[in-house]
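A.B. asks: build me a model from this:
(one chain, ligands or ions: 1)
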Amino acid sequence: MKMKFLGTCGGRYAVGQQKRQSGGIILESDETQIHIDPGPGALVQAHEQEVAEDTEAVLVSHGHVDHSNDAEALTEMMVEAYNHAGFLMASESVLSGFGDIEKRVSDYHQDLCGEVKKLGEGVEAEFKGLEIRTQEMFHSDPKTVGFTVDNGDKKFGFWTDTEYSDELVDFYEGCDTLVVYCSRPKNEGTRSHTSLDDIPEITEKLDVSKVVVTHFGFKFLESDLEAQKNWLEEQVDPGVVFADDGMDYPGNRKLDAF
Ligand SMILES: [Zn+2]
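C.D. replies: Next up is the predicted model:
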């Protein structure tokens, strides 16, 4: 399994100013490709990186714009432009709306897809040799899901938008790589998001070999990223990667040496 990070910023300020791109992550296995959390620009960036055509599934962790904006465009791309059956996996908030969060994918676009799977606490999905499991996170969209993807050889975990909680950690047991949506730098934690200071607590009980930090918010991008990375490397056992727009993981010898 491999990943390509189309976009690596998050939150309304960083995304609104396009401090970095916000198109989400392409996860590629031998058999298929999933586009994860397609924020604004996802469709365009997938084409720029020449990875659009192979996407057969879209996974949306929750209903905020920086994760779901291009989901409808991608369902049309998969199904209409490239004739895939189209598999949409998304939180209840994305598919039906929840509380004051309106649904993010219209009935028309859901009906286009060969299969639509609602993600939530304890849900499992199989897709072309990939096993996907989800849990509910603690975020301002209460239906936000964190998830793992296992191809039988490697297991990638995605710690998505959430406030830190002990209760969420065990779910990522057995992951080789943990992708952390980390909006805030050290000492700048805020409600319902993860900050850099939370990462040592997350990895302490897990046996992951690499932590990939992404979804940088405005304040994080304004900070000294090199210093933030050095600090984290001193705190944790696993190798630390700060994702960049267009980054392939694991991509090259330089990355392996992290
Ligand atoms: Zn969010």
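
A.B. asks: quick one: the strands in the stretch 101-250 of the chain, in order.
C.D. replies: All strands of the stretch 101-250 of the chain, identified by DSSP state E, counting those that start in this stretch, fall at 115-119, 123-127, 130-136, 145-150, 155-159, 177-181, 210-214, 239-242, 247-249.

A.B. asks: enumerate the residues of the protein near the ion.
C.D. replies: 64, 161 (CB under 5 Å from the ion). (Each C-beta comes from the backbone N, C-alpha and C, glycine too.)

A.B. asks: try it again with 8 Å
C.D. replies: Contacts of the chain with the ion, taken as CB under 8 Å from the ion, map to 10-11, 62, 64, 66-67, 139-141, 144, 160-161, 192-193.

A.B. asks: which of those are buried, as a PyMOL select command?
C.D. replies: Of those, the buried ones go into a single PyMOL selection, burial set by 16 or more other CB atoms under 10 Å:
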select buried, resi 10+11+62+64+66+67+139+140+141+144+160+161+193
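
A.B. asks: mind listing which of the residues of the chain next to the ion are in helices?
C.D. replies: 66-67 (DSSP state H).

A.B. asks: columns pLDDT and distance to residue 153 on top of the residues of the chain next to the ion, output as a markdown table?
C.D. replies: Listed next are the residues of the chain next to the ion as a markdown table, based on pLDDT from 0 to 100; distance: CB to CB, whole Å:
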| residue | pLDDT | distance to residue 153 |
| --- | --- | --- |
| 10 | 97 | 29 |
| 11 | 95 | 34 |
| 62 | 98 | 28 |
| 64 | 97 | 32 |
| 66 | 98 | 31 |
| 67 | 98 | 27 |
| 139 | 97 | 30 |
| 140 | 96 | 35 |
| 141 | 97 | 32 |
| 144 | 98 | 28 |
| 160 | 98 | 23 |
| 161 | 98 | 28 |
| 192 | 92 | 34 |
| 193 | 95 | 32 |
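
A.B. asks: need the residues of the chain next to the ion in a markdown table (columns: distance to residue 245).
C.D. replies: Below are those laid out as a markdown table (distance: CB to CB, whole Å):
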| residue | distance to residue 245 |
| --- | --- |
| 10 | 13 |
| 11 | 16 |
| 62 | 22 |
| 64 | 19 |
| 66 | 14 |
| 67 | 16 |
| 139 | 24 |
| 140 | 25 |
| 141 | 24 |
| 144 | 23 |
| 160 | 19 |
| 161 | 19 |
| 192 | 25 |
| 193 | 21 |
